[in-house]
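>>> here you go, sequence then predicted model.
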Amino acid sequence: MKIAGIETATLRVPTSKQMALEFPYHAVIVARVRTDAGIEGLGYSLAFAASGAEAIQMYLDTRLVPLLVGEDPLFVERHWERMFRVDRGIRRQGIAAYAVSALDIALWDIVGKAANLPLYKLWGAATDRIAAYGSGGWAKYSVKDVIAEAERYAGQGCRYYKMKIHDPDPRVNRERVMAVKKALGDGVRMMVDVNQKLDAHNSIRQARLLEDLDLVWYEEPVLADDIAACAEVAQAIAIPVATGENAYTRWEFRDLIERKAARYLMPDVCRANGFSETMRIGRLAAAHSTLVSPHVVHELSLHVAAALPNSFLVEYMDWAPADLFDGLPPCERGEIAVPDRPGHGIALAKGAIEKYRVR
């Protein structure tokens, strides 16, 4: 079997009503890998607010696609190494990592289809259902909006809910969290997300105002680039720290682990150089008794979480329009069943590319 061709596209997709207050649209950078055996693999990366989408597709087309056409798609590790090392002057972070991710995801989709197995079983399944946490609570939501969203997730059985804390006044953030916690009651535990908006001193100050609320985690307390500052926060507060959505390689995650900067690691398969590197990160975390909770794109993250014994939750965020995907797994009773279709089990809906393509 050989790769006969690769088609790429950038899709600009509107977000759901509440998320649109913060991000009116996202971009999905798609790679469809065709083989001479008739098997096609779908890969994509999600770029919030379409940040860097044009550059990601350009890097895909000019630097990575030529490496793969004519090759055997089943040699995924070989292709990953070639893509990762093709530009030694560019670190495989940001734009380059998003591009590698899209193709690596597509190649694994082909492997699963060729083996007639869903990826989580191909990798050695630990479970076939993953608990999910509802995610949102963006800064531009009113408290009423946050409560409505949290109650909607709770209505789907989610026993966890995460909201943002972005107000410059830490007391206002505490009031917002307390209002949502009161509305949800004892059946739902909460997490909060700083989204890198504070320095270490102010992040510690904010966390200490929340320590009595039994929060599951305190997410991205400082700039993702500053692992030392993240470790400072983690060692100074009583709430466990979660981070990693903006880390791209196993070496960054190794540093987070060794510095004891987080109890929960959050690799994103669309950023962390695809399924291949995300699975390495997950196994590295397991070797250090650290839990993994993949970031966003739950429809892909499910396979990683279901193959790892140290997975905790997947992030369930209503970001995609209803006509973008076929086979999107629903959240029922707070859990998501991993699709049992070969590969990752997700397909673009008929007409989605034509409707959403950026031309």
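Good, I have the coordinates. Numbering: from 1, shown residues only.
>>> list phi and psi for the spatially most central residue of the chain.
Geometric centre of the chain, nearest residue: residue 295, 2.8 Å, by CA atoms, centre = their mean. Here is the backbone geometry of residue 295 (degrees, to the nearest 10): phi -90, psi 130.
>>> number the chain from 32, please
Happy to do that; since the first residue is 32 now, the last one works out to residue 326.
>>> how about the contacts made by it?
275-276, 297-299, 302, 332, 346 (CB atoms under 8 Å, 6 or more residues apart in numbering). Every C-beta, even on glycine, is put in place using the N, C-alpha and C of the backbone.
>>> same thing but 10 Å
77, 166, 250, 273-278, 296-303, 309, 332, 345-346, 348 (CB atoms under 10 Å, 6 or more residues apart in numbering).
>>> can you show me the helices along the protein?
Assigned by DSSP state H, the chain shows helices spanning 84-90, 96-99, 107-116, 126-146, 150-153, 174-186, 201-215, 231-239, 258-267, 281-289, 305-317, 329-338, 383-387.
>>> and the last one, what does it pack against?
When you say that, I think you mean helix 383-387. strand 34-45, strand 56-66 (3 or more CB pairs under 10 Å, 6 or more residues apart in numbering; DSSP states H and E).
>>> of those strands, which is nearest residue 223?
strand 56-66 (22.5 Å; CB to CB).
>>> turn the helices of the chain into CSV, including mean neighbour count.
Putting the helices of the chain into CSV (neighbours: other CB atoms under 10 Å) gives the following:
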stretch, mean neighbour count
helix 84-90, 20
helix 96-99, 17
helix 107-116, 16
helix 126-146, 26
helix 150-153, 22
helix 174-186, 17
helix 201-215, 17
helix 231-239, 18
helix 258-267, 19
helix 281-289, 18
helix 305-317, 23
helix 329-338, 26
helix 383-387, 16
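>>> and those helices: which comes nearest residue 373?
Among those, helix 126-146 sits nearest to residue 373 (CB to CB), with 4.4 Å.
>>> partners of residue 250 in the sheet?
residue 224, residue 273 (DSSP bridges).
>>> that one touches residue 221, doesn't it?
No: with contact defined as CB atoms under 10 Å, residue 250 and residue 221 do not form a contacting pair (11.3 Å).
>>> anything in contact with each of these two?
residue 193.
>>> more neighbours: those two, which one.
Higher neighbour count among residue 250 and residue 221: residue 250, with 27 against 22, using other CB atoms under 10 Å.
>>> nearest to residue 44, of the helices of the chain?
Comparing the helices of the chain under CB to CB, the one sitting nearest is helix 383-387, at 5.3 Å.
>>> that closest one - what's its average pLDDT?
When pLDDT is averaged over helix 383-387, the result is 97.
>>> what's the answer for stretch 230-237, then?
98.
>>> who touches it?
Here stretch 230-237 has contacts from 196, 198-202, 204-205, 223, 225, 227-229, 249, 251-254, 257, 259-268, 272, using CB under 10 Å, 6+ apart.
>>> what's the local residue count around the spatially closest residue to residue 53 that is not a sequence neighbour?
Counting by CB to CB, 6 or more residues apart in numbering, residue 53 lies nearest to residue 169, which is 4.1 Å off, once chain neighbours are set aside. Applying other CB under 10 Å, we find 20 residues neighbouring residue 169.
>>> so where's the chain shaky on pLDDT?
Applying pLDDT under 70 to the chain flags no residue at all.
>>> so it: which segments form each domain?
What the record gives for the chain is the domain set 34-147+381-387, 152-378, from automatic domain parsing.
>>> list the buried residues in stretch 346-354.
346-352 (16 or more other CB atoms under 10 Å).
>>> so can I have JSON lines of those residues showing distance to residue 141?
Output for the buried residues of stretch 346-354, formatted as JSON lines (distance: CB to CB, whole Å):
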{"residue": "346", "distance to residue 141": "26"}
{"residue": "347", "distance to residue 141": "27"}
{"residue": "348", "distance to residue 141": "27"}
{"residue": "349", "distance to residue 141": "29"}
{"residue": "350", "distance to residue 141": "25"}
{"residue": "351", "distance to residue 141": "23"}
{"residue": "352", "distance to residue 141": "26"}
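>>> which of these fall in strands?
Those of these mapping onto strands are 346-347, per DSSP state E.
>>> of all the helices of the chain, which lies closest to residue 377?
Among the helices of the chain, helix 329-338 sits nearest to residue 377 (CB to CB), with 5.1 Å.
>>> of the helices and strands packed on helix 383-387, flag the one that's most buried.
strand 56-66 (a mean of 23; mean count of other CB atoms under 10 Å).
>>> neighbouring strands - and their directions - for it?
Using DSSP bridges, the strands paired with strand 56-66 are strand 34-45 (antiparallel), strand 71-78 (antiparallel).
>>> turn those into a markdown table, including distance to residue 186.
Shown next, in a markdown table, are these (distance: least, CB to CB, whole Å):
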| stretch | distance to residue 186 |
| --- | --- |
| strand 34-45 | 23 |
| strand 71-78 | 25 |
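>>> mind listing what the residue nearest to residue 53 touches?
49-54, 176-177, 180, 194-195, 197, 224, 226.
>>> show the end-to-end separation of stretch 378-389, please.
One end of stretch 378-389 sits 19 Å from the other (CA to CA, to the nearest Å).
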